[in-house]
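**Q** Just need the structure, nothing else, for what follows:
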Amino acid sequence: YHTEIELARQRVLDGAGLIAADPNTLAVLRQVEKVAMLDATVLLTGETGVGKEQVARFIYKNSIRREGRFITVNCGAIPPALIESELFGYDKGAFTGAVRDKMGLFELANCGTLFLDEIGDLPLDMQVKLLRVLQERSIKRVGGMRDIPLDVRIIAATNRDLAEMVQNKTFREDLFYRLNVVPISIPPLRERRGDIIPFADAFVEELNKKYGFKKQFTTSALQAMEEYDWPGNVRELKNVVERMVILSQG
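**A** Reported below is the predicted structural model:
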């Protein structure tokens, strides 16, 4: 059993920059390993900063599509007016300024994996178009006439409660079921405290190399980190460790 845990931990560390020392994380990892080799759509849920993109990259690196591209799209970061052309591309003359054909992110991810982060922020009109792509496995560029076939694995992620959004009519029920084929919930850092110190050690080692330091944590610092609830999760921990490394005198 311990050998299996160590092998699993090593695969994660080598594969995607994850830390898996806590039993709760290892339980999630076993789920992730099962689904990685199967070409199913995955929905990753969890609070902001828990490491959803790192898990998505692990799935990609351990999948049959690892030779293809891994394309990340933050659905909440693209202005609504540009989402369709960013995802699906456009043909020359589709609008003012479209002086040449442009491939969208779906086409760029063809034969690879498309990671749709913050899927809960996708506007309703784009949810309809995304559903069509998932059903028909093809896209049509903005201003284009022909259907372009696609072979893309979809991994979606959100920190929002999509089931509640479906009830509130802010997320399409049919799209939710299309994405929710294999749901994987990533627990917050406060529920996997066994990962806190390994994460902190990995971060300080990385920062020592970056800044040319040889800094270590005091016992009291380690204890304080283990006892804190980390509402910002792994992202907050990384920022705090960097702040400590930069500002500490000893």
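
**Q** Low-confidence bits of the protein, can you list those?
**A** Across the chain, the ranges flagged by pLDDT under 70 are 1-17, 93-99.

**Q** Helices of that one, residue ranges please.
**A** Applying DSSP state H to the chain gives helices spanning 2-16, 23-36, 52-61, 80-88, 105-108, 124-136, 162-167, 173-179, 196-211, 219-227, 233-247.

**Q** Okay, angle between the second one and helix 52-61 too, please.
**A** Comparing the axes of helix 23-36 and helix 52-61 via axes from the mean of the first three to the mean of the last three C-alpha atoms, to 10 degrees yields an angle of 40 degrees.

**Q** show me the contacts for the residue nearest to the spatial centre of the chain.
**A** Closest residue to the average C-alpha location of the chain: Glu53 at 2.2 Å, with C-alpha atoms, centre = their mean. Glu53 makes contacts with 72, 115, 117, 157, as judged by C-beta atoms under 8 Å, 6 or more residues apart in numbering. Placement of C-beta: from N, CA and C, glycine included.

**Q** Take those residues and lay them out in CSV including neighbour count and distance to Leu189.
**A** Output for the contacts of Glu53, formatted as CSV (neighbours: other C-beta atoms under 10 Å; distance: C-beta to C-beta, whole Å):
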residue, neighbour count, distance to Leu189
Thr72, 16, 22
Phe115, 26, 21
Asp117, 20, 19
Ala157, 26, 17
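
**Q** Keep only those of those residues that are in strands.
**A** Per DSSP state E, strands hold the following members of these: 72, 115, 117, 157.

**Q** how much space between the residue nearest to Gly120 when sequence neighbours are not counted and Val128?
**A** Spatial nearest neighbour of Gly120, chain neighbours left out: Arg160 (3.6 Å); criterion: C-beta to C-beta, 6 or more residues apart in numbering. Computed as C-beta to C-beta, to the nearest Å, the Arg160 to Val128 distance reads 19 Å.

**Q** which residue packs closest to Glu173, ignoring adjacent ones?
**A** Excluding the flanking residues, the one nearest Glu173 by C-beta to C-beta, 6+ apart is Val166, at 4.8 Å.

**Q** whoops, I mixed them up, Val245
**A** Sequence neighbours aside, Leu207 is the residue nearest to Val245 in space, at 4.6 Å (criterion: C-beta to C-beta, 6+ apart).

**Q** what does Val234 give?
**A** Leaving aside its chain neighbours, Val234 sits nearest to Gly51 (5.2 Å; criterion: C-beta to C-beta, 6+ apart).
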